[in-house]
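A.B. asks: structure for this input, please:
(3 chains)
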Amino acid sequence: MSLTFDFALPEPTAADRVTLFADVILPLPLPKLYTYRVPFELNDQVVIGGRVIVQFGAKKTLSCIVAAVHETPPKLYQAKYILEFIDDAPVVTQPQLKLFRWMADYYMCTLGEVINAALPAALKLSSESRIQLHPAFSAEENPYPLSEQEQKLVEVLSLEEGKSLTFTDVGEILAINSFHKVIKSLMQKDVIFLFEHLSDKYSPKVVKKVRLAHHFVEEAALEELFARLATKPKQLDVLMRYLQRVPVYQDVHANHRGLEKASLTSSPHLSPSAVNTLIKNGVLEQFDVIVSRFPLDDEPEAKINFTLSEAQTAARDSVLNLFGEKDIVLLHGVTGAGKTEIYIDLIRKALDGGGQVLYLLPEIALTAQIVTRLMRVFGTRLGVYHSKFSDNERVEVWNGVLSGRFQVVVGVRSAVFLPFDNLSLIIVDEEHESSYKQYEPAPRYNAREVALMMANFQGAKTLLGSATPSVETYYQTRAGRWGLVTLTKRFGEAGLPEIELVDTRKQREAKKMHNHFTPELLSEIERKLALKEQVILFQNRRGYSPFISCLDCGWIPKCKNCAVSLSYHKHAHELRCHYCGYHDRMPVECPACGSRNLKTVGFGTEKIEDDLKVMLPAANVQRMDLDTTRAKNSYQQIIADFENQATNVLVGTQMVTKGLDFANVSLVGIINADSIIHYPDFRAHERAFQMFVQVSGRAGRKGKKGKVIIQTADPQQVIFDKVIRNDYLEFYEYEITQRREYGFPPFMRVIRLTVKHVDQPVAEQAAILLTQELVARLRREAVLGPEAPYIFRIRNFYLQEITVKLDREHTVLKHAKSQIQEAINVVKDQKDFKQARIVADVDPM
DNA sequence: AGCACGCCGACT
DNA sequence: GTCGGCGTGCTC
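C.D. replies: Below you'll find the predicted structure:
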């Protein structure tokens, strides 16, 4: 029997029939995507890279990013519906999604973690459960008795009509943790009700403006108005001022644009109430405009035509030439060789070609100095992405990149997450910097590597810049894969500083040390100060002393959460843990034996500052480290003071090594070089070399030859010889041989696995099992450890480390990572190890 | 990450 | 006897 119909049913169009599903990225550390169903009538609203709101689990409402749209219904479960669409255009672009996937893969973390790190908090809608008094509730007629706590809540909620509280608020008000019970009970009694409140946290900056009501923009009407206000001098004043500032007749649009209300009300001669009266009477009308937090400079882009020196021009041309055949070029230029001008020139060229540019800098190098300089050249096309920015500002940069308003972004590590889709150039300045690598939390990414991958995806060129390139990077240029341009000449003809090593051991034996100063360093400081020149002293440890000790019983205060001694901070009069933040008052007497003989051992920036103030009372000493720059503008203040020569000596940690150009600094002192060299890590020498060269670069600029004094107990160490001659190549050759011999990057890849557990034996057992599982899956010699790190307990977790060394090859690496993940899962599935945390750090630094 | 369900100690 | 602690598992 035939079932064919010979009449045509109205053919449903394909679009009507399709049931769409969306795979979404939840901002949570979950290993996979979740599939939701698109409400039929909203099929045309799904945007890949757009945000949607979904119900996740029983209670949570989350916003997430659509990663894929398809028609395959999940087989094993019923998909829930997407509740709402937030965006009609992607907030995350396709190239970004591709990059984020690569990051999750490469750094062994989840897409959710990447998204979490990438999106400014304000772009992540937050779900807040709020409670409100039930509309039918009345205190008099309430039939249920209320507990004391319930009563308290009701009182707060009754304070004003429609007042609502978040759970966090409730917790604070009641000052207990188990407030859910109270809320539940109040809901059962119909006293309150609960609602989910999803709010877009980004709030645009709004300015109140006023303008003349349009019917007065006509001579006759205005004259009449003047006559009417003749008896109201205050209002007349305001009106006159307005007309003065806004040429209503000359420019029809001028009145429409209006004037900032604040400019009328804040004037001392004008009365704010007169302004309001005018508004009330309909003479002026008030309106809001959304303005940018980044002031749009009205001035046209200043054409700053600085000229490149001959060496700079040659270097720039070489870079451009190499870009013809290579995607990545290293610009190796000594400090002060003028790399920034070359960058600016290249950025300009890239912009002229219509592409976007990302310029990455380490956090401490992204100073107001450099931003101002770039602003002057690129004006409103420049976006700045700094970690100290507020979230609203970050969203503005994000949206500015999306809309095309910002063509160049200068930013720190996290700027690699911005939604570029048409990059033509990425600059990674100070590419060797370890601060490009994020340690905690996941994704543990290196912005330099991410930048290289992003450039690769978008067909952009990458320029890496450094005075002391990382061994890995230099190796690539040696292997011919990346281009190399060397810039040796210092800009402005200043020669390289003279470097002198001073033997602290010898001086100590001769009893000639003044605290931690050798006579050589001290007299040189005095000499420079007498010449009205400035001095930078580098000590890579903050605080006053790394620990204190009781002279009578030997007691040393330790952190109660970590396996470290507490550092003494004199100004705060505190003992502090640099790992978990625990702090306590400095004891007056030893809690173990009651002795008052507590002495400090070792030294940090604070002690150097203190000692110097005592030894050279005439000098104006300032300290710059994490402790003195925590407050918002203190960093700028310290820099400004030093620049204006209000201070003569700057004592600091790594902060003094980066991005600062001071013309008058003629001496740099490294107080304790040994503490930088002796570090249990294969990168110790590289780091030390870089640090010494970078600090030395601060000495002598603008024609003055500087001097560097390095204090060390062992001047014979091989590294000094290379530092003194500023011989990067020799350092590199020495280092690369070591790396090859011992199988370290760039010859091998390192993945460090850390097992954490509150119980030391459990941590050890879990690490042993993990090692076994790894060995079973990888080459035996690829797995090293487990071993407790030097600081074996942090924040109450005992640590065990396993190091995996792998061949560089991509396929090997990828396979190995999945093997490692498997091994981790095996351990985590064991009952005893459920509480263990296992963290993988790919390419640790 | 939260949040719910589920099994062992100090209280009405 | 219960309340409530957190350990374990799940979320489309």
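
A.B. asks: and A:His269, what element?
C.D. replies: Under DSSP states H and E, no helix or strand contains A:His269.

A.B. asks: A:Val238 is in contact with that one, correct?
C.D. replies: No: the criterion here is Cβ atoms under 8 Å, and A:His269 misses it with A:Val238 at 9.7 Å. Where you see a C-beta, it was placed from the backbone N, CA and C, and this is true even at glycine.

A.B. asks: burial count for A:Val319?
C.D. replies: Neighbour count of A:Val319, defined by other Cβ atoms under 10 Å: 24.

A.B. asks: how about it, what does it touch?
C.D. replies: Residues near A:Val319 by Cβ atoms under 8 Å, 6 or more residues apart in numbering: A:Val329, A:Leu331, A:Ile342, A:Leu346, A:Leu463, A:Gly483, A:Val485.

A.B. asks: if we can go back for a sec, higher neighbour count, A:His269 and A:Val238?
C.D. replies: More neighbours surround A:Val238 than the other of A:His269 and A:Val238, with 27 against 8 (other Cβ under 10 Å).

A.B. asks: name the nearest residue to the one residue in the stretch 301-450 of chain A that gets nearest to DNA strand B, sequence neighbours excluded.
C.D. replies: Residue of the stretch 301-450 of chain A nearest DNA strand B, by Cβ to the nearest atom of the strand: A:Pro441 (8.5 Å). Using Cβ to Cβ, 6 or more residues apart in numbering and skipping the chain neighbours, the partner closest in space to A:Pro441 is A:Glu113 (7.3 Å).

A.B. asks: list of residues touching the strand or helix carrying that neighbour?
C.D. replies: Assigned by DSSP H and E, A:Glu113 belongs to helix A:111-118. For helix A:111-118, contacts defined as Cβ under 8 Å, 6+ apart pick out A:25-30, A:33, A:64-65, A:67, A:92, A:96, A:100-101, A:103-104, A:124, A:414, A:417, A:438, A:441-443, A:445.

A.B. asks: so what secondary structure elements neighbour the helix or strand harbouring A:Asp610?
C.D. replies: For A:Asp610, the element it lies in under DSSP H and E is helix A:605-615. Helices and strands touching helix A:605-615, as assessed by 3 or more Cβ pairs under 8 Å, 6 or more residues apart in numbering; DSSP states H and E, comprise strand A:621-624, strand A:649-652.

A.B. asks: past the first one, which element shows up next along the chain?
C.D. replies: Sequence-wise, the next helix or strand downstream of strand A:621-624 (DSSP H and E) is helix A:634-643.

A.B. asks: and that following helix, what's buried?
C.D. replies: A:Tyr635, A:Ile638, A:Ile639, A:Phe642, A:Glu643 (16 or more other Cβ atoms under 10 Å).

A.B. asks: low pLDDT regions in the stretch 351-500 of chain A?
C.D. replies: Residue ranges of the stretch 351-500 of chain A with pLDDT under 70: A:489-495.

A.B. asks: assign a three-state SS to the residue in the stretch 501-650 of chain A that DNA strand C sits nearest to, would you?
C.D. replies: Residue of the stretch 501-650 of chain A nearest DNA strand C, by Cβ to the nearest atom of the strand: A:Asn561 (16.9 Å). For A:Asn561, the assignment made with DSSP: H, G, I helix; E, B strand; the rest coil gives coil.

A.B. asks: and what of A:Thr754?
C.D. replies: Per three-state DSSP, the local secondary structure of A:Thr754 is strand.

A.B. asks: counting neighbours, what do you get for it?
C.D. replies: Burial of A:Thr754, expressed as a neighbour count using other Cβ under 10 Å, amounts to 20.

A.B. asks: show me the contacts for the residue in the stretch 51-200 of chain A that DNA strand C sits nearest to.
C.D. replies: Using Cβ to the nearest atom of the strand, the closest approach of the stretch 51-200 of chain A to DNA strand C is made by A:Lys80 at 3.5 Å. Shown in contact with A:Lys80 (Cβ under 8 Å, 6+ apart): A:Tyr36, A:Arg37, A:Val54, A:Gln55.

A.B. asks: so which of the residues you listed is the most crowded?
C.D. replies: The residue in the contacts of A:Lys80 with the most neighbours, by other Cβ under 10 Å, is A:Tyr36 (24 neighbours).

A.B. asks: quick one: that residue is in a helix?
C.D. replies: No: under three-state DSSP, A:Tyr36 falls outside any helix and is assigned strand.

A.B. asks: pLDDT below threshold where in the stretch 601-750 of chain A?
C.D. replies: Across the stretch 601-750 of chain A, the ranges flagged by pLDDT under 70 are A:632, A:659-660, A:701-703.

A.B. asks: can you give me the strands in it?
C.D. replies: A:621-624, A:649-652, A:665-670, A:707-712, A:748-757 (DSSP state E, counting those that start in this stretch).

A.B. asks: of those, which is nearest DNA strand B?
C.D. replies: strand A:748-757 (12.3 Å).

A.B. asks: longest helix in chain A, by residue count?
C.D. replies: helix A:810-829 (DSSP state H).

A.B. asks: correct me if wrong: A:Ile427 contacts A:Ile344.
C.D. replies: No: at 9.8 Å, A:Ile427 and A:Ile344 do not qualify as touching, with contact defined as Cβ under 8 Å.
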